[in-house]
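Asker: got a sequence here, can you build the structure:
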Amino acid sequence: MTKIVKKSIKKVKFFLTKLVLKEKCPRVLAISFCVGVFIAFSPFIFLHTAMIFIVSWLFSLNLAVVFSASLFVNNPWTMVPIYSTDYFFGEIFLKNILGLNTFSLNPSWMEPVNNTLSSYIGIAGVSFWSFIIGGNLLGLLVSVILYPVVKFIFERMSQNVYSTDTRVKW
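Answerer: Numbering: from 1, shown residues only. Reported below is the predicted structural model:
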């Protein structure tokens, strides 16, 4: 491995160790991580930061973990693939599973948006509800699938950290 990769892995391990020492509850860490992932997939693009603070405060979650997970998953490099996946997941769910015509369900203000997208980019027939419902369902699905995996990882880290912790416990 290169020197940069080794240094990055060491920093991530140090960060996670500090989190485990601070939080002490793998369940809260896992829930915080999964909520951050849900927020990352959320279709409410300009509300992510507000959602992070509000949800962390309301449910007493670890703000650093929620923020880190959200930023790790949804960043400028991953925004287009995530939102495209949200949209196509919504299209599949609404059209194939529920049998709805998503284009006819659009609000009236979507017609000028569709006309603009069609004339400038060549994309026609974008559905507002496919994006909203697909983003929320996909975020929920990914978060629920990740929870047992992340909880197991944080439990193992917690066992390792506390078995090798040499600090004086009062």
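
Asker: what segments of this protein are helices?
Answerer: Here the chain has its helices, by DSSP state H, at 3-23, 26-41, 48-58, 63-73, 79-91, 110-120, 128-164.

Asker: pLDDT of the third one, averaged?
Answerer: To tie it back to what came earlier, the one meant is helix 48-58. Here helix 48-58 scores 95 as its mean pLDDT.

Asker: what separates it from the chain centre, distance-wise?
Answerer: Computed by CA atoms, centre = their mean, to the nearest Å, the separation of helix 48-58 from the middle of its chain amounts to 13 Å.

Asker: report the buried residues of that helix.
Answerer: The neighbour-count check on helix 48-58 (16 or more other CB atoms under 10 Å) flags 48, 51-52, 55-56 as buried. Quick note: C-beta positions are derived from backbone N, CA and C, even for glycine.

Asker: go on, the fourth one?
Answerer: For helix 63-73, the buried set under the neighbour-count rule, 16+ other CB under 10 Å, comprises 64-70, 73.

Asker: save those as JSON lines, and put in pLDDT and distance to T102 too.
Answerer: Formatted as JSON lines, the buried residues of helix 63-73 follow (pLDDT from 0 to 100; distance: CB to CB, whole Å):
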{"residue": "A64", "pLDDT": "89", "distance to T102": "38"}
{"residue": "V65", "pLDDT": "90", "distance to T102": "35"}
{"residue": "V66", "pLDDT": "93", "distance to T102": "31"}
{"residue": "F67", "pLDDT": "93", "distance to T102": "33"}
{"residue": "S68", "pLDDT": "89", "distance to T102": "34"}
{"residue": "A69", "pLDDT": "90", "distance to T102": "30"}
{"residue": "S70", "pLDDT": "92", "distance to T102": "27"}
{"residue": "V73", "pLDDT": "90", "distance to T102": "25"}
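
Asker: ok, E91 - contacts?
Answerer: 102, 127, 130, 134 (CB atoms under 8 Å, 6 or more residues apart in numbering).
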